[in-house]
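In: no sequence for this one, just the structure:
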């Protein structure tokens, strides 16, 4: 099935990804080609085949609830884009743009 | 050319143990070589000269004091820039992490340091390890030392190229769909993807978590095995690492007799789309394996042709989820933080500016494959194909001990040749992807130069989960037979060329 420009714009919005017009145009064509090339996958997957999400037979891994050393706050904040009063400073979280 | 840069890790270890050379001399030789060739090869994103020399000096002192040291203590290694190394930039080849210096070490990094290895620096890669050429790196491509106009493969092109540029005897890679093996194949080096869970992913920046696996890169089979032993093994910090003994890969790398070993040639990985030069070298190598005592047969894995398609649904799905953490809130590049824009606007703008084309393509593709209404048709179907691939492997390994194929359909392509054509680029991983989907161990070993273009050809060996040692057994036999035939390693040709210039 073909993806429209609006479909890709919607997906980009869901993924919180700003795309330029040129990027959108390019992606529409490329994604169509990629999706066409993977169509055989849907056709081959018969109903009775069990899905595999992971190559290992995984079980939850638990550890003892022990207190261990963690990174000092300064080390964690050192690479933050913005810091204020020893905390991450985030952009405005309420309201629309002014 | 300083002789030291041509020596392998095992030989350097022996020379240091015998007191004939110091780690500082070796490290300095590598750093000098890096300074000499980087402008042409561009394998490194960051050279950590000061700490490398300090570590070398520490190892030399410990050796002089008679302390017990591990077998690779004092040997230099290059680290792919997707592994956290405290104090060094860890960019993943992305603008969004261009200034990020992690406050902690990946488990792989820590094990290298604990074993006394000397980390020379961080190597170039496709952005977030997504690509087959290193052209997706935000900081420019790496060049293949065999022909600087050609790609060194990817995503770990920097690690592979650094080996045959003689900048380092060892390197670390990570393999999600072939990012260790495909660069190894097209640079004539050795690259091993351990069994999934065989080495820790803690501190490896995640691309597709159910597929990613760290592994060793080297110019010789024994060197790769020695490095494998250092980094592999259970890690409580990675809940998907396997709590089982590491297969004895070093011992296996010392075996060269293949008597009784059953080797299956995968029928589906050959024929149309495979370069004649690749198939020719592969077929010759099959003959050598037979001469070394192995029993060869053809094995069909009927669902392998579906692996590429399944991978390009599963991997982007995991990518779209993993890259969601780059939200410009706690770390990474933040754009438009001017007090007027909301956190969501800043997030969209930062991700739009920080991610390159391939990352964006895969985020959108993954978001689509996981979206309601399409989940069953895409992600769900791909998971079923994953089951079919695993069953193909299981059936094959009932009949044979290992499977083999060409490691790549073609040799290294020209820089720019596939950059605008994602599908052509994706096909570079046609042979390597099945082992990521199934989680078994696999490796690429050099088997010569293609008569068509003079570029290296790799042979892939695939072994059952936790039978990583079999890769090295086959690799060692192949290496011995080929070195006898060539009167030395394949890369000696590069040395001859450089010396004749």
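Out: Done, it's in. Treat the numbers as computed from the prediction; the structure is a model and nothing was measured.

In: How is the residue in the stretch 1-150 of chain B that chain A sits nearest to assigned, secondary-structure-wise?
Out: The stretch 1-150 of chain B approaches chain A most closely through residue B:103 (4.0 Å), counting by Cβ to the nearest Cβ. From N, CA and C alone the C-beta is placed, and that goes for glycine too. The local conformation at residue B:103, judged by DSSP: H, G, I helix; E, B strand; the rest coil, is coil.

In: Can you give me the pLDDT of it?
Out: Listed pLDDT for residue B:103 reads 95.

In: Now do it against residue B:348, distance only.
Out: Per Cβ to Cβ, to the nearest Å, residue B:103 is found 27 Å from residue B:348.

In: Run a quick neighbour tally on the residue of the stretch 1-150 of chain B closest to chain A.
Out: 17 (other Cβ atoms under 10 Å in any protein chain shown).

In: Same question for residue B:367.
Out: 25.

In: where along the stretch 251-400 of chain B do the helices fall?
Out: B:276-291, B:307-322, B:343-354, B:357-370, B:381-399 (DSSP state H, counting those that start in this stretch).

In: helices or strands next to the fourth one in the packing?
Out: If you count contacts as 3 or more Cβ pairs under 8 Å, 6 or more residues apart in numbering or on different chains; DSSP states H and E, helix B:357-370 packs onto helix A:5-14, helix A:21-37, helix B:307-322.

In: quick one: is the shortest one near chain B?
Out: Right, the one you point to is helix A:5-14. Yes: applying Cβ under 8 Å from any Cβ of the partner chain, one finds that helix A:5-14 is in contact with chain B at A:7-8, A:11-12, A:14.

In: now the angle between helix B:307-322 and that helix, please.
Out: 50 degrees (axes from the mean of the first three to the mean of the last three Cα atoms, to 10 degrees).

In: got the contact list for helix A:5-14?
Out: A:18-19, A:24-25, A:27-28, A:31, B:364, B:367-368, B:371 (Cβ atoms under 8 Å, 6 or more residues apart in numbering or on different chains).

In: Got a quick PyMOL command for the buried subset of those?
Out: Buried members of the contacts of helix A:5-14, defined by 16 or more other Cβ atoms under 10 Å in any protein chain shown, are picked up in PyMOL with:
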select buried, (chain A and resi 18+19+27+28+31) or (chain B and resi 364+367+368+371)
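
In: In TSV, list the contacts of helix A:5-14 along with distance to residue B:120 and pLDDT.
Out: Shown next, in TSV, are those (distance: Cβ to Cβ, whole Å; pLDDT from 0 to 100):
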residue	distance to residue B:120	pLDDT
A:18	37	97
A:19	38	97
A:24	41	95
A:25	43	93
A:27	38	94
A:28	43	94
A:31	40	92
B:364	37	97
B:367	38	96
B:368	41	95
B:371	44	91
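
In: Quick test: name the residue nearest the centre of the chain.
Out: No chain in the question, so chain A it is. residue A:15 (6.5 Å; Cα atoms, centre = their mean).

In: let's do chain B instead
Out: residue B:180 (1.9 Å).

In: okay, residue 5: pLDDT?
Out: No chain specified, so I'll use chain A. For residue A:5, the model assigns a pLDDT of 94.

In: The chain in question should be chain B.
Out: Confidence for residue B:5, expressed as pLDDT, is 98.

In: give the contact list for residue B:71.
Out: Residue B:71 touches B:10, B:13, B:226, counting by Cβ under 8 Å, 6+ apart.

In: how about 7 Å then?
Out: Residues in contact with residue B:71 (Cβ atoms under 7 Å, 6 or more residues apart in numbering or on different chains) are B:13, B:226.

In: And for residue B:38?
Out: By Cβ under 7 Å, 6+ apart, the neighbours of residue B:38 are residue B:44.

In: Chain A contacts on the stretch 1-150 of chain B?
Out: B:100-101, B:103-104 (Cβ under 7 Å from any Cβ of the partner chain).

In: what number of residues lie near the closest residue to residue B:401 other than its chain neighbours?
Out: Using Cβ to Cβ, 6 or more residues apart in numbering or on different chains and skipping residues adjacent in sequence, the residue nearest residue B:401 is residue B:262, 4.8 Å away. Other residues near residue B:262 number 15, with proximity taken as other Cβ under 10 Å.

In: again, but for residue B:290
Out: By other Cβ under 10 Å, neighbour count at residue B:290 equals 13.

In: I'd say it and residue B:296 touch.
Out: Yes: with contact defined as Cβ atoms under 7 Å, residue B:290 and residue B:296 form a contacting pair (5.2 Å).

In: Okay, residue A:76 and chain B: tell me how far apart.
Out: Using Cβ to the nearest Cβ, to the nearest Å, residue A:76 is found at 6 Å from chain B.

In: For that residue, give its distance to residue B:289.
Out: From residue A:76 to residue B:289 the distance is 52 Å (Cβ to Cβ).

In: neighbour count winner among the two?
Out: Taking other Cβ under 10 Å, residue A:76 and residue B:289 do not tie; residue B:289 has more neighbours (23 against 16).

In: excluding its backbone neighbours, what's nearest residue B:299?
Out: residue B:264 (3.4 Å).

In: residues touching residue B:395, list them.
Out: Applying Cβ under 7 Å, 6+ apart, no residues qualify as near residue B:395.

In: how does it look with 10 Å?
Out: B:299-302 (Cβ atoms under 10 Å, 6 or more residues apart in numbering or on different chains).

In: List the buried residues for the helix or strand bottoming out on mean pLDDT in chain A?
Out: Across the helices and strands of chain A, mean confidence by mean pLDDT, DSSP states H and E is lowest for helix A:39-44: a mean of 88. Buried residues in helix A:39-44, defined by neighbour count with 16+ other Cβ under 10 Å: A:40-42, A:44.

In: which of those residues lies closest to residue B:43?
Out: Closest approach between the buried residues of helix A:39-44 and residue B:43, by Cβ to Cβ: residue A:41, at 35.6 Å.

In: What residues does the closest one make contact with?
Out: B:306-314, B:377-386.

In: Over to residue B:48?
Out: B:31, B:54-55, B:78-79, B:85, B:87-89, B:118-122.

In: at 8 Å what do you get?
Out: B:85, B:88, B:119-122.

In: How about residue B:255: what's its closest non-neighbour residue?
Out: Closest to residue B:255 by Cβ to Cβ, 6+ apart is residue B:473, at 5.0 Å.

In: List the buried residues in the helix or strand bottoming out on mean pLDDT in chain B.
Out: Least confident helix or strand of chain B, by mean pLDDT, DSSP H and E, is helix B:422-426 with a mean of 91. Residues B:422, B:425-426 are the ones in helix B:422-426 that count as buried (16+ other Cβ under 10 Å).
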